[in-house]
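Participant: please work out how this folds:
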Amino acid sequence: MKLQCDVEVVNRMLPSFGMKSRGKGARAVVSIGKHLDKSSQRSNIYMMICTAKDRTGSKYKLRDNIEKFFTWFVEEGKATVRLKEPAVDVCLSKADANSLKNFLSAARLADRGSDTSSLPLSTLTPVRARDVEQPKKKLSVMSKKDYPLTSNFPYSLEQLQVSYCKLSRVDMRMLSLKALRRLDLSNNHIKKLPATIGDLGCLSELILHNNHLEAFSEALCLSTLQQTLQVLDLSQNRLQSLPSRFCQLRELMNLKLDDNKLAGLPLQIGRLSKLRFLSAAHNQLTVLPADFFKLSLENLDLFGNPFVQPNPLDHTMQLAFPLPLQEIASRAVADLRIPYGPHLIPAHLCGELEAAKMCECRRICVSFHIKTAVSINLHQVSHTVVLVDDMGGTDAPVQQHFCSLSCYSEFLDGCLQRGLR
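Facilitator: Numbering: from 1, shown residues only. You can find the predicted model right below:
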């Protein structure tokens, strides 16, 4: 049984001499195995700790010699083994949680004097220098020949880049890297993302530039990425749309969507209140969602989209007289901010409420409304704007919704007064 982790051996007698431990662990390999006691000529079970400074290792007898285990933080890869003789605490940290549990279980059996045949014992020999190196935080694989096929990725990785390897899918071994903060899979052939990417609880940057993605899973929008993801690069893929729940990723600060086939941006994009950098150049955008007004950006790039010249008189009307009871009730729920959920109302109604629109009168309309488009200067939502077209323009059409004919008529009157046609 071997365990790679950080180890600090604390002598409990130090305080009585007015001394303190250094309080910092060293990278080590901790083994449990048999060792021949030369004084008694008997084999006993020992724990051996090998570090870079002491590769031959220090041995501690285990049988009837463990006073206590401290395992409150074992799920975080931390535990302490308190020995009777010598009076030391062996503090283990930065270990794989499952490996640590197995190691502690073996140590407990050795302390009780269990049959050695039932113990996963190791040979107590000096370790190699590479076995006690500090855990690797960053790894880049830039060619297919360098891609690890027989070995795992270091569990301690915080940044991983795998590019130009012709990956057609995400390697599931990457999804066990719980410390991963930045995952760069750019310039591959990935077509689909597994929902389990959302289990990477520390992931703040996900780079998927230049792949073959045709969809972005809604499950990812409902995962722990809601609390962690700040940078998302989906540029140069084959995306035609983004899921309705995409704007649940409310920690996003930088979003790149260039060179896809997007016909529209998410309707609730205004909910991305922390978004500061947005690029969606060279897509199929003809109009921006009404929520676009709510953004407050530092840099915006929408160059190369086939935006249409808006005419307020061109509109789509979806109204009924009188309004259906469901629409009246839905508007009341939205206007009064009444809590709702699939445990209270049907799930499809929740989806409709999530996509509710706001009229110029500040009231909500859900399924029944009048829709048109107006032109805005993009400097209203961004400090820096890349030109929208080759003519030097920075205007783009934005959808506008109206809850009633009277609101639409007031809007047209205002346009006429401003000389708009």
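Participant: which residues of the stretch 1-150 of the chain score low on pLDDT?
Facilitator: Applying pLDDT under 70 to the stretch 1-150 of the chain picks out residues 17, 19-23, 37-41.
Participant: buried residues, stretch 103-120. List them.
Facilitator: Residues 103-104, 106-107, 109-111, 119 are the ones in stretch 103-120 that count as buried (16 or more other C-beta atoms under 10 Å). Quick note: C-beta positions are derived from backbone N, CA and C, even for glycine.
Participant: and after the helix ranked longest in the chain, which helix or strand comes next?
Facilitator: When the chain is scanned for its longest helix (criterion: DSSP state H), the result is helix 97-111. Going down the chain from helix 97-111, the next helix or strand is strand 138-141, by DSSP states H and E.
Participant: related to what we said a few turns ago, for the buried residues of stretch 103-120, give me a markdown table that also has distance to K191.
Facilitator: Below are the buried residues of stretch 103-120 laid out as a markdown table (distance: C-beta to C-beta, whole Å):
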| residue | distance to K191 |
| --- | --- |
| F103 | 40 |
| L104 | 42 |
| A106 | 43 |
| A107 | 46 |
| L109 | 48 |
| A110 | 50 |
| D111 | 52 |
| L119 | 47 |
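Participant: would you map out the domains in the chain?
Facilitator: For the chain, automatic domain parsing gives the domain ranges 2-16+24-36+44-131, 136-284, 316-417.
Participant: in CSV, list those along with distance to P306.
Facilitator: Output for those, formatted as CSV (distance: least, C-beta to C-beta, whole Å):
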stretch, distance to P306
domain 2-16+24-36+44-131, 52
domain 136-284, 7
domain 316-417, 10
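Participant: ok, which of those domains comes nearest S296?
Facilitator: Of all those, domain 316-417 sits nearest to S296, with 6.7 Å by C-beta to C-beta.
Participant: start and end of the closest one, how far apart?
Facilitator: 22 Å (C-alpha to C-alpha, to the nearest Å).
Participant: show me the helices in this structure, by range?
Facilitator: With DSSP H as the criterion, the chain has helices at 97-111, 218-221, 225-228, 325-335, 347-354, 405-417.
Participant: out of the ones you listed, which comes closest to L285?
Facilitator: helix 218-221 (20.4 Å).
Participant: about what we covered before: please enumerate residues in contact with the longest helix of the chain?
Facilitator: Helix 97-111 is contacted by residues 1, 3-5, 30, 32, 45, 47, 62-66, 69, 71, 74-79, 81, 92, 95, 118-120 when judged by C-beta atoms under 8 Å, 6 or more residues apart in numbering.
Participant: count of neighbours near the nearest residue in space to A87 that is not next to it in sequence?
Facilitator: Excluding the flanking residues, the one nearest A87 by C-beta to C-beta, 6 or more residues apart in numbering is R12, at 4.5 Å. Neighbourhood size, R12 [other C-beta atoms under 10 Å]: 14.
Participant: begin at 57, not 1, for the rest of this chat.
Facilitator: Renumbered: residue one is now 57, and that last one reads R68.
Participant: quick check: R68 vs V144, distance?
Facilitator: Between R68 and V144 the computed distance is 6 Å (C-beta to C-beta, to the nearest Å).
Participant: likewise for T112?
Facilitator: For T112, the distance to V144 (C-beta to C-beta) stands at 18 Å.
Participant: those two - which one has more neighbours?
Facilitator: Higher neighbour count among T112 and V144: V144, with 20 against 11, using other C-beta under 10 Å.
Participant: let me see the contact set for the closest residue in space to A411 that isn't next to it in sequence.
Facilitator: Excluding its sequence neighbours, the residue lying closest to A411 (C-beta to C-beta, 6+ apart) is L323, at 5.5 Å. Neighbouring residues of L323 by C-beta under 8 Å, 6+ apart: 300, 345-347, 411, 413.
Participant: wait, what's in contact with D227?
Facilitator: V218.
Participant: look up how far S329 lies from it.
Facilitator: Plainly put, D227 is 34 Å away from S329 if you go by C-beta to C-beta.
Participant: for L443, give me its contacts.
Facilitator: Shown in contact with L443 (C-beta under 8 Å, 6+ apart): 359, 449-450.
Participant: pull out the buried residues from the top strand by length along the chain.
Facilitator: In terms of residue count, the longest strand belonging to the chain (DSSP state E) is strand 82-93. For strand 82-93, burial by neighbour count (16+ other C-beta under 10 Å) applies to 82-89.
Participant: tell me what it is packed against?
Facilitator: The contact analysis (3 or more C-beta pairs under 8 Å, 6 or more residues apart in numbering; DSSP states H and E) places strand 82-93 against strand 58-67, strand 98-107, helix 153-167.
Participant: what about the residue lying closest to N266 once chain neighbours are set aside, neighbour count?
Facilitator: Nearest residue to N266, sequence neighbours excluded (C-beta to C-beta, 6+ apart): Q292, at 4.2 Å. Neighbourhood size, Q292 [other C-beta under 10 Å]: 20.
Participant: kindly report the same for K124.
Facilitator: Using other C-beta under 10 Å, K124 is surrounded by 11 other residues.
Participant: show me the beta-bridge partners of it.
Facilitator: On the basis of DSSP bridges, K124 is bridged to R138.
Participant: what do you get for H457?
Facilitator: H457 has these beta-bridge partners by DSSP bridges: C415, K427.
Participant: please tell me how far it sits from C415.
Facilitator: To C415, H457 is 6 Å away according to C-beta to C-beta.
Participant: ditto for R294
Facilitator: Going from R294 to C415 by C-beta to C-beta gives 35 Å.
Participant: these two: who's more crowded?
Facilitator: Just comparing R294 and C415: by other C-beta under 10 Å the higher neighbour count belongs to C415, 20 against 13.
Participant: S178 and V86 touch, don't they?
Facilitator: No - in terms of C-beta atoms under 8 Å, S178 does not count as a neighbour of V86; the distance is 9.8 Å.
Participant: overlap in contacts, these two.
Facilitator: By the contact definition C-beta under 8 Å, 6+ apart, S178 and V86 are jointly contacted by K58.
Participant: list the contacts of L351.
Facilitator: Contacts for L351 (C-beta under 8 Å, 6+ apart) come out as 325-326, 328, 331, 334, 437-438.
Participant: got it, and A390?
Facilitator: Applying C-beta under 8 Å, 6+ apart to A390 gives the contacts 409, 412, 420, 422.
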